[in-house]
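Peer 1: Predicted coordinates and the sequence they were generated for:
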Amino acid sequence: MCGVEVRAVDVSGKEPSSGYRLRVVQEVLLALLAKEASYGYQLRAQLQLALGPLADALNAGQVYVTLNRLEKAGLATAERVGQSDRPDRKVYRLTAAGHERVVEWLGDMSWPKAAPTEFHLKLVAAAAAGLANPAHLVDAQRHAVLVELAAAQRAALTEPHGSVAGLLLEGVVLRLQADLTWLDACARHWSSRKEP
Amino acid sequence: MTQANGSLPGIGPVLRTQDLQMRYGRGAGLVRALNGVELEAAAGEAVAVMGPSGSGKSTLLNLLGGLERPSAGEVWLAGNRIDGMSEKELARLRRQSIGFVFQAFHLMDELTAQENVELPALLAGRSPRTARRRAAQLLERVGLDDRAGHLPSAMSGGERQRVAVARALVNEPLIVLADEPTGNLDSAATADVLRLLDGLRAAGQTLVIVTHDARVTAIADRLITMRDGSLVEETRLTRGTVGRLAELTGLEG
């Protein structure tokens, strides 16, 4: 299936036992809730929109399982709302602790190893919540990647021609260059959008 | 020892600009290529200037090197204001105090590597013997002493760029200005040129490099980011650490 990283953030510390798991689902949901209270269905639809074809990587119940965990962890509250012709549904709201977690996540500049999905979703969620300017997050990330690339290339320059380690370092450099190229595209996209 | 502002105690920066502006056209067609750029390069410092196409990088380099004149603002080189110099004075300054390295090498096709390196020394008034000796030393330094008699057409892109670097150094310039020095090179040749430039930096040569190539940050002391004709960010790059390399290579994490 798609190359989405298959690790989970789990409030309880236990990973879900089956299906594809998206490491950032928890923080993304919290960030989306920062904008307004939402139903699980609405949140899932927003995630699917942001992920496009990659949304297939989401287990169908992942959003609901994660929302339950967020509620148990005190990061979100849930209120049952009755519907005349259907079962009750839950409206989720962010708590102060949840808000703090979102702010911390937005400020975390660690770089995903496999795919830029987490950062993409961070930008989408930041824009949706109005908590941070995505263009500024792109700038900060670009800066962090440049510093890493400088270190990697510097290490590569110390390797002699034909060194196997140099080949590995070249791979790191090339990947970081690709990351920078993609971040340039992100910068163009998010800079051209008007702030709400 | 450099100070926090990048200048040497009692000497000041080798290169400095103040409120540098460059405009082309007028009225509705007015293009502001540079908007109030303030830049300093200390002696022995390597400054990389990065930014997207059209951000003003090459325009900035042309003004720093006296190849163009600013619409407003000042350019100072070693304590001398150069933006108001006469063409003759500027030509002399470029020959004697500034070394240029370009993406397209700009070597003379009909001259050998040795002759290409000698030429600026002869134009600066050095004797043929001195120019010859200096060129030979520099070609050895860039690892091309065995290619001295070859024409550029018989050399690889990386070799041609190393000849261009040797040529830039022949008059012992105060500063070397490089415009996309790795732009036409493959990975191996890029690494060779970066090692060469890093060696110059380590030897105390002041360098200002404008580039799209983020790999150049490896040899820079300071990285400046340009956008829309302005400097928008400055980063002092730390040496001697490998950052999160272990994690990036999958050894940790």
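Peer 2: That came through, no problem.
Peer 1: quick one, helices of chain A?
Peer 2: A:25-35, A:40-51, A:62-72, A:96-107, A:117-129, A:134-157, A:164-191 (DSSP state H).
Peer 1: Look up how far B:G143 lies from B:A121.
Peer 2: Shown here: B:A121 relative to B:G143, a distance of 20 Å by Cβ to Cβ, to the nearest Å. Every C-beta, even on glycine, is put in place using the N, C-alpha and C of the backbone.
Peer 1: Show me which of the two is the more surrounded one.
Peer 2: Higher neighbour count among B:A121 and B:G143: B:A121, with 23 against 14, using other Cβ atoms under 10 Å in any protein chain shown.
Peer 1: In a helix, that one, correct?
Peer 2: Yes: read with DSSP: H, G, I helix; E, B strand; the rest coil, B:A121 is one of the residues of a helix.
Peer 1: Pretty sure it sits against B:T130.
Peer 2: Yes: applying Cβ atoms under 8 Å, one finds B:A121 in contact with B:T130, separated by 6.9 Å.
Peer 1: The worst-scoring helix or strand of chain A on mean pLDDT vs helix A:117-129, what angle?
Peer 2: Lowest on mean pLDDT, DSSP states H and E among the helices and strands of chain A sits helix A:40-51, with a mean of 84. The directions of helix A:40-51 and helix A:117-129 differ by 120 degrees, with axes from the mean of the first three to the mean of the last three Cα atoms, to 10 degrees as the criterion.
Peer 1: Using PDB, write out every CA atom in helix A:40-51.
Peer 2: C-alpha atoms of helix A:40-51 as PDB (Å, rounded to 0.1, in the frame of the first residue of the first chain):
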ATOM      1  CA  GLY A  40     -15.500  12.200  14.200                       C
ATOM      2  CA  TYR A  41     -17.000  12.000  10.700                       C
ATOM      3  CA  GLN A  42     -16.100  15.600  10.000                       C
ATOM      4  CA  LEU A  43     -12.500  15.100  11.200                       C
ATOM      5  CA  ARG A  44     -12.100  12.000   9.200                       C
ATOM      6  CA  ALA A  45     -13.300  13.800   6.100                       C
ATOM      7  CA  GLN A  46     -10.800  16.600   6.700                       C
ATOM      8  CA  LEU A  47      -8.000  14.100   7.000                       C
ATOM      9  CA  GLN A  48      -9.100  12.300   3.900                       C
ATOM     10  CA  LEU A  49      -9.100  15.600   2.000                       C
ATOM     11  CA  ALA A  50      -5.700  16.400   3.200                       C
ATOM     12  CA  LEU A  51      -4.200  13.000   2.400                       C
END
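Peer 1: Now do that helix: distance to the chain's middle.
Peer 2: Using Cα atoms, centre = their mean, to the nearest Å, the distance from the centre of helix A:40-51 to the centre of the chain it belongs to is 13 Å.
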